[in-house]
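Trainee: this is a predicted model, with the sequence first.
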Amino acid sequence: MSCTANFGANSEVAVSKGLRSSSNISSRQPFFRSVHSGPAKSVKVITRAMSASAENTPLPGLPVDLRGKRAFIAGVADDNGYGWAIAKSLAAAGAEILLGTWVPALNIFESSLRRGKFDESRVLPDGSLMEITKVYPLDAVFDNTDDVPEDIKSNKRYMGSSKWTVKEVAESVKEDFGSIDILVHSLANGPEVVKPLLETSRYGYLAAISASSYSFISLLQHFAPIMNPGGASISLTYIASERIIPGYGGGMSSAKAALESDTRVLAFEAGRKHRVRVNTISAGPLRSRAAKAIGFIDMMIDYSSANAPLPKELSADEVGNVAAFLASPLASAITGSVVYVDNGLNAMGVGVDSPIFENLELPKEA
């Protein structure tokens, strides 16, 4: 059974299938046999992303149809970030989902999947459950085994995992599946993010650039050769790349600026060489585990809700849905773009919640 992004549709009941992982678990070995949710008589369905019988079935209207497509999403380690939301939206549109998870977080992530802790957040718009075909260990800071220092190789958090550098993961995906159609970069890390730029060390600055920007170049460098022509690559950026966001330090604003610049150059190079599109989504603030490390995410969400043209809190699904559109044939002429998904906050020149504007008559909902 295939699933497309027909939001609001009723679900059909079917027998569920299992999640698979590549870390210490055979790609053919399911995490579990079935998933049950709700009353005893109700069985949730886990959809297969690819279905030969349904791939050529015409759909009404102008849907986001990714049936027969395969996506690799790098940087998913839990179920509350943008990476997970993007995976869900791609799955809802019919894509097959492969994940790359940071090696130290892999065991906890796989355990949570096996124990059903993510079942509620795996529910797709039609009532079925997102299936993750395979989970790969990944540390995108290292391009190949020669780059890995001895202290990392001997680190107990990496013990038991193998083939987790960017080059090795791309080779494993090629060996397992042959090719992919969609590449998603949902990675960022700045060890000194809480420090002002003036107090950031060279190590902290370069580490932020390496993990948050160059990792995208490396992923595309190694995955583009196995991407089918017409494929799409998407990363995630933030408005701190072009506006001053006090508190977003440690070189992270510079890393996001580099990511956006690289998006334009990579769009040209990957477009000409591989016929692959490259875009980045500038997403608004989200209460994800990663964002909480900054320390003032709640303040940023409140600020956005008070000042954006659309005065509401941004949901991860809204970013995921835009990613699904950008990955689809509907966006076949869009590349090299920064697409803002932030309720329009990027368009504002002032904060209208400032006391200066207390006597200003602002537009109100009719």
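Mentor: Cool, the structure landed.
Trainee: from the chain's centroid, how far away is stretch 349-366?
Mentor: 34 Å (C-alpha atoms, centre = their mean, to the nearest Å).
Trainee: end to end, how far does that stretch reach?
Mentor: Distance between the two ends of stretch 349-366: 24 Å, counting by C-alpha to C-alpha, to the nearest Å.
Trainee: just the strands in this structure please.
Mentor: Taking DSSP state E as the test, the strands found in the chain are 70-74, 96-102, 132-138, 180-185, 227-237, 277-283, 338-341.
Trainee: list the buried residues in the last one.
Mentor: Residues of strand 338-341 classed as buried: 338-341 (neighbour count, 16 or more other C-beta atoms under 10 Å). Where C-beta positions appear, they are placed from N, C-alpha and C, glycine not excepted.
Trainee: follow-up on the earlier one: any chance of CSV for the strands of the chain, columns distance to residue 265 and mean pLDDT?
Mentor: Converted to CSV, the strands of the chain look like this (distance: least, C-beta to C-beta, whole Å; pLDDT from 0 to 100):
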stretch, distance to residue 265, mean pLDDT
strand 70-74, 20, 98
strand 96-102, 23, 98
strand 132-138, 24, 98
strand 180-185, 15, 98
strand 227-237, 13, 98
strand 277-283, 9, 98
strand 338-341, 13, 98
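Trainee: CSV for the ones you listed, including distance to residue 201?
Mentor: Output for the strands of the chain, formatted as CSV (distance: least, C-beta to C-beta, whole Å):
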stretch, distance to residue 201
strand 70-74, 26
strand 96-102, 23
strand 132-138, 26
strand 180-185, 25
strand 227-237, 23
strand 277-283, 27
strand 338-341, 29
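Trainee: wait, which of those is closest to residue 117?
Mentor: Nearest of these to residue 117, taken as C-beta to C-beta: strand 132-138 at 13.5 Å.
Trainee: in its sheet, what does that closest one sit against?
Mentor: strand 96-102 (parallel) (DSSP bridges).
Trainee: residues in contact with residue 66?
Mentor: Going by C-beta atoms under 8 Å, 6 or more residues apart in numbering, residue 66 touches 4-5, 90, 93-95, 181-182, 324, 327-328.
Trainee: tell me which of the residues you listed is nearest to residue 355?
Mentor: residue 324 (40.9 Å).
Trainee: against residue 329, how distant is the residue lying closest to the closest one once chain neighbours are set aside?
Mentor: Leaving aside its chain neighbours, residue 324 sits nearest to residue 89 (4.1 Å; criterion: C-beta to C-beta, 6 or more residues apart in numbering). In this view, residue 89 and residue 329 are 15 Å apart by C-beta to C-beta, to the nearest Å.
Trainee: which of the two has more residues huddled nearby?
Mentor: Under the criterion of other C-beta atoms under 10 Å, the comparison of residue 89 against residue 329 puts residue 89 first, with 28 against 11.
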